[in-house]
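K.L.:
heads up, no residue letters with this:
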């Protein structure tokens, strides 16, 4: 009995004086049955992102019948900025000192979600940064929109109702929502975040970084801002009974070694927290001890037309499992459109692309899955297939013609002869080709010709 009633969720509910019905009504955690670190890889259009959203998202979503007040406030506040939370607090309290603002439950919730080491400085900086220009008691010049706070004598702060209603009218509704008791309506709790890597994505975006803030003496200070990976690790560590996930789309577009930094080793299964060989590190900005919980999955997608698996950072390849998602023309089996066999069409294109390049540059089947008319087929070629082939072959229309056939390219007549008087015998005058616009095709015969005419 001691072990039963010493359960951490039971004790947390008792301390918060919350009913336990919502704990009993949660759906049990489903087994994910996937590697903790996984990358779905394949050429464009093979359904990698679709698989994330339609298969994996549901595995990290549960339905609950009732949320605790703390859960509801967290859900409400976690996407709000500091100025929005401070404005809601002042709307609720009326004119108040900074100390009263910081004691409000909304502010306390925001503080709990923040990695700021000095909440008082953050609140002061927020107030002064968004104070109206007409206020004589605030001299700070680097203000940012929206300007809706005002400072009175004796360090009393207020939010100006007319400006708030003009600049952020939604905050009144959010404040009322925070006061309402949970009606017990079932809802989904998402235990994942989705992010897309790009060339400028950095360690500071992913793990933690520093940003400036204004202190109460108008001095510029800095606070540590958590990145998406650190936030998800914190959520997973606080809730070990549920699985969490961070989905990373286009993981190979970022500099993975730089983005993960020293944390790449901590991703390994046996290096996770609460594992026999668990490892932790001290983060460079916050100086906090950090580890990766064992219930956080990191699942990414990778476009092989941009970069092959072999070209990935070796450290990343050793720590992730890979699942290939190839082009599947067979999924188009039996689909005929105006006499065009879509399966044969895509299969022929991909076989020829592989002869000229490799299978990493195949065309994915997903572009063809929703085609229902001849115009749809023309648009898919105009907007998807031809731009990809142009990128693959660096604008060489001859190679596009080698893949799609003569019906898709034509010779480009030269109207400007070369200047005379120069010896160019060592240069070969090339025949120029241009790719036709498929939207101008009068019928679908050019598409049939792709696989009927060698």
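P.N.:
Happy to help now that I have it. The structure displayed is predicted, hence computed values, not measured ones.
K.L.:
Which helix or strand contains residue 205?
P.N.:
Element membership for residue 205, per DSSP states H and E: helix 203-206.
K.L.:
Near residue 223, how many other residues are there?
P.N.:
The number of residues packed around residue 223, counting by other C-beta atoms under 10 Å, is 20. Where you see a C-beta, it was placed from the backbone N, CA and C, and this is true even at glycine.
K.L.:
what's the burial count for the closest residue in space to it that isn't next to it in sequence?
P.N.:
In this structure, residue 223 finds its nearest non-sequential neighbour in residue 116, 4.5 Å apart by C-beta to C-beta, 6 or more residues apart in numbering. Residue 116 has 21 neighbouring residues, counting by other C-beta under 10 Å.
K.L.:
Residue 116 contacts residue 224, correct?
P.N.:
Yes. In terms of C-beta atoms under 8 Å, residue 116 counts as a neighbour of residue 224; the distance is 6.9 Å.
K.L.:
Is residue 431 in contact with residue 409, as I believe?
P.N.:
No. Counting by C-beta under 8 Å, residue 431 sits too far from residue 409 to count as a contact (10.9 Å).
K.L.:
okay, those two: which has more neighbours?
P.N.:
Between residue 431 and residue 409, counted using other C-beta under 10 Å, residue 409 has the larger neighbour count: 19 against 9.
K.L.:
for the residue lying closest to the more buried one once chain neighbours are set aside, what are its contacts?
P.N.:
Counting by C-beta to C-beta, 6+ apart, residue 401 is the residue found nearest to residue 409 once chain neighbours are left out, at 3.7 Å. For residue 401, the contacting residues are 408, 409, 433, 435, by C-beta atoms under 8 Å, 6 or more residues apart in numbering.
K.L.:
Against residue 431, how distant is residue 401?
P.N.:
From residue 401 over to residue 431 the distance is 11 Å, taken as C-beta to C-beta, to the nearest Å.
K.L.:
I'd like the next helix or strand past the least confident helix or strand in the chain by mean pLDDT.
P.N.:
Least confident helix or strand of the chain, by mean pLDDT, DSSP states H and E, is helix 21-25 with a mean of 38. Moving toward the C-terminus from helix 21-25, the next helix or strand (DSSP H and E) is strand 37-42.
K.L.:
What's the mean pLDDT across the helix holding residue 205?
P.N.:
Computed over helix 203-206, the mean pLDDT rounds to 93.
K.L.:
quick check, distance from that helix to the centre of its chain.
P.N.:
On the basis of C-alpha atoms, centre = their mean, to the nearest Å, helix 203-206 sits 13 Å off its chain's mean C-alpha point.
K.L.:
Geometric centre of this protein: which residue is closest?
P.N.:
residue 195 (1.6 Å; C-alpha atoms, centre = their mean).
K.L.:
longest helix in this protein, by residue count?
P.N.:
In the chain, taking DSSP state H as the definition, the longest helix is helix 342-356.
K.L.:
which parts of it are buried?
P.N.:
By 16 or more other C-beta atoms under 10 Å, the buried positions in helix 342-356 come out as 342, 343, 344, 345, 346, 347, 348, 349, 350, 352, 353.
K.L.:
the strands in the stretch 51-200 of the chain, which residues?
P.N.:
Counting by DSSP state E, counting those that start in this stretch, the stretch 51-200 of the chain has strands at residues 61-64, 149-152, 156-159, 187-190, 192-196.
K.L.:
Adding mean pLDDT and distance to residue 413, write those strands out as TSV.
P.N.:
Shown next, in TSV, are the strands of the stretch 51-200 of the chain (pLDDT from 0 to 100; distance: least, C-beta to C-beta, whole Å):
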stretch	mean pLDDT	distance to residue 413
strand 61-64	80	59
strand 149-152	96	68
strand 156-159	96	69
strand 187-190	80	58
strand 192-196	94	43
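K.L.:
Comparing those, which comes out most buried?
P.N.:
Mean neighbour count (mean count of other C-beta atoms under 10 Å) peaks for strand 156-159 among the strands of the stretch 51-200 of the chain, with a mean of 20.
K.L.:
Run through who's touching that strand.
P.N.:
In contact with strand 156-159 (C-beta under 8 Å, 6+ apart) are residues 86-87, 90-91, 94-98, 101, 127, 148-152.
K.L.:
picking that back up, by contact count, what packs against the helix holding residue 205?
P.N.:
helix 228-238, helix 256-260 (3 or more C-beta pairs under 8 Å, 6 or more residues apart in numbering; DSSP states H and E).
K.L.:
Quick one: work out the angle between the helix or strand that the longest one is followed by and strand 37-42.
P.N.:
Think helix 228-238. The element immediately downstream of helix 228-238 (helix or strand, assigned by DSSP H and E) is strand 244-249. Using axes from the mean of the first three to the mean of the last three C-alpha atoms, to 10 degrees, the direction of strand 244-249 lies 30 degrees away from that of strand 37-42.
K.L.:
what packs against strand 244-249?
P.N.:
Using 3+ C-beta pairs under 8 Å, 6+ apart: strand 244-249 touches strand 192-196, helix 228-238, strand 296-303.
K.L.:
partners of the shortest one in the sheet?
P.N.:
The reference is to strand 192-196. strand 244-249 (parallel) (DSSP bridges).
K.L.:
what does the partner strand rub up against?
P.N.:
Against strand 244-249 from outside (C-beta under 8 Å, 6+ apart): 49, 52, 56-57, 59-60, 191-197, 228-229, 232, 235-236, 293, 295-301.
K.L.:
May I see the ChimeraX selection of the buried members of those?
P.N.:
Selection of the buried residues among the contacts of strand 244-249 in ChimeraX, burial being defined by 16+ other C-beta under 10 Å:
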select :49,52,56,57,59,60,191,192,193,194,195,197,228,229,232,235,236,293,295,296,297,298,299,300,301
